[in-house]
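Asks: could you look at this predicted model? Sequence included:
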Amino acid sequence: MKEEKTSMAANQVELDLIDLFWDLFSHWKAILTVALILGLCLGGWKYSSLMKEYQDPSYLAEATESNESSTRIYETNKASLEARIDSILLEQQERADYEAHSALYLIDPYNASVEERSYYIDAGFEIIPDNLYQNPNFNIALVSAYHNAVAKVNVSAILAENGGSEDLSSYDNKGLFLTVKEDAANGLLNIRAIGADPGQASAIIAAAEQAIRDIEPGLQETIHEHSVTLLSANSYQAAADELISLHQSRRNDNIKLYDALNKAVTEYKELKLPSLMPTSSLDAVKSGLKSGLIGLLLGVVLTLLAFAALFILRNRVADAEDFVRRFRLPVLGLLSTSKARLKLDRWIQTRQGVSSEQPHDRQLRLAAANVSQEAGESRKLLLLGSAKPERIAALCAELQPLLPQLQLQAGGNICGDADSVLSLEKSDAVLLVETVASSSNDEIRKELERLSRSGKKLLGCLLLGKAEKKAP
């Protein structure tokens, strides 16, 4: 039970993401192959199925009708939005031009020039005490007549002559530039004029006074003799409530118009071309290409997942670092007996640690130097492991000339080779020979247990790279 727990602990090795990355990168040819095959299959299937559908007369008739209807709706909505935007822009321009020249908006409603006049109209009316029949009171008729005369003053013409133009036909000018209030029973007539400056207000009030003077002779004859007396005349700067309300209403209307324009522009930007039903071979090609790209991505993802799973679950020696982490034994040499065909593969193998950038003879000399240093007083070395016997024998033949002071003997797998067991008894030390991505970790562990029981000195391990075909 204790040995089982020790074995399980030895198998728990931390996953190195960098090793995983380089391992996945080393399978780039397989990944591309699978991705291309899946992309071509998916794209070809999509293209052929669509072409078959496009050749159906009923589908073509339905697609044509649907496309025409969608296009008509799109064009109608587009034209409607464009017309609405143009209308709002035109109205905004007209309002801006109007406000730039209108006397109503040239006045500062919070600091308007005001002219006020109060008149007393006396027709000599007196109440006779204790008399059943009184003399007629002509004050009411006279005040009303003067009121009407002042109300007819052409304020538009006055404004045009005094710094502003305005068509007041749609406004109540009595409540804006010229206000007339009467107290007919007491013979009082109050006139109030406002303007952008004192000159404008004075011109309006002067026109009102002139209207009173012009109508007075006629009223003396037609209604009754009377007198018109100016009671007060005031000039000052003040806020005009009527204009404040008008300006605020205008600003609110401009804000609503601006919001309506933003809404229309947003709707226009969001208006998209209708999604038309495909009917041509070009549409089938586009759909096939899209499906092919999806297939490529799907192939890459699936292949990466598959190789990642194999990397995590595999029970093989990954590289020199992996060997050291698992078995706590030094790697005395990494020997590549061949090189990959492509430079990219050779570079990846170097990054992985399954190959060396040095020439093979330098790898041998470095391995021989490390073996000589670790051997110490040992003279008979037995090379054995789970690597192929012929590769162990070839390695032994190459190392022997570099280690003349040592006697090297090639063996096999000690767990299954009787000759290796016999040779072990005659050797002073043992040197493991394993193959990257081929030697099983479980098999190596069994070898180490067998060697541990033998009591022989274990110098370390020589790792052989993947055996590939030589480049031509």
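Replies: Great, that's in hand. Numbers count the residues shown, from 1 in each chain.
Asks: if I look at the spatially most central residue of the chain, how far off is Ala83?
Replies: Centroid-nearest residue in the chain, with C-alpha atoms, centre = their mean: Glu270, separated by 16.3 Å. Between Glu270 and Ala83 the distance is 17 Å, computed by C-beta to C-beta, to the nearest Å. In this view, the C-beta of every residue, glycine as well, is placed from N, C-alpha and C.
Asks: now do Ser144
Replies: Distance, Ser144 to Ala83, by C-beta to C-beta: 51 Å.
Asks: which one of those two is surrounded by more residues?
Replies: Neighbours per residue (other C-beta atoms under 10 Å) separate Ser144 from Ala83, with Ser144 holding more: 14 against 11.
Asks: is that one in a helix, a strand, or coil?
Replies: Three states are possible here, and by DSSP: H, G, I helix; E, B strand; the rest coil the one that applies to Ser144 is helix.
Asks: ok, for it, nearest residue in space, not its chain neighbours?
Replies: The spatial neighbour of Ser144 that comes closest, neighbours along the chain excluded (C-beta to C-beta, 6 or more residues apart in numbering), is Ala184 at 6.2 Å.
Asks: pretty sure the one you found sits against Ala145.
Replies: No - the pair Ala184 and Ala145 fails to qualify as a contact (C-beta atoms under 8 Å) at a distance of 10.3 Å.
Asks: list the contacts of Cys41.
Replies: Contact criterion C-beta atoms under 8 Å, 6 or more residues apart in numbering gives Gly295 as the residues in contact with Cys41.
Asks: helix or strand next in line after the helix or strand where it lies, which one?
Replies: Under the assignment given by DSSP states H and E, the secondary-structure element containing Cys41 is helix 28-54. Where DSSP H and E defines the elements, the next helix or strand beyond helix 28-54 is helix 57-101.
Asks: how much space separates the nearest residue to Leu40 once chain neighbours are set aside from Phe138?
Replies: Closest residue to Leu40 in three dimensions, ignoring its sequence neighbours and counting by C-beta to C-beta, 6+ apart: Gly292, at 6.6 Å. From Gly292 across to Phe138, the span is 103 Å (C-beta to C-beta).
Asks: for Leu431, same thing?
Replies: When distance is defined by C-beta to C-beta, Leu431 is 143 Å away from Phe138.
Asks: and the two? which has more neighbours close in?
Replies: Ranked by neighbour count (other C-beta under 10 Å), Leu431 and Phe138 place Leu431 first, with 30 against 19.
Asks: what packs against whichever helix or strand the more buried one is part of?
Replies: When elements are defined using DSSP H and E, Leu431 is found to belong to strand 429-435. Counting contacts by 3 or more C-beta pairs under 8 Å, 6 or more residues apart in numbering; DSSP states H and E, strand 429-435 packs against strand 380-384, helix 389-399, helix 441-454, strand 457-464.
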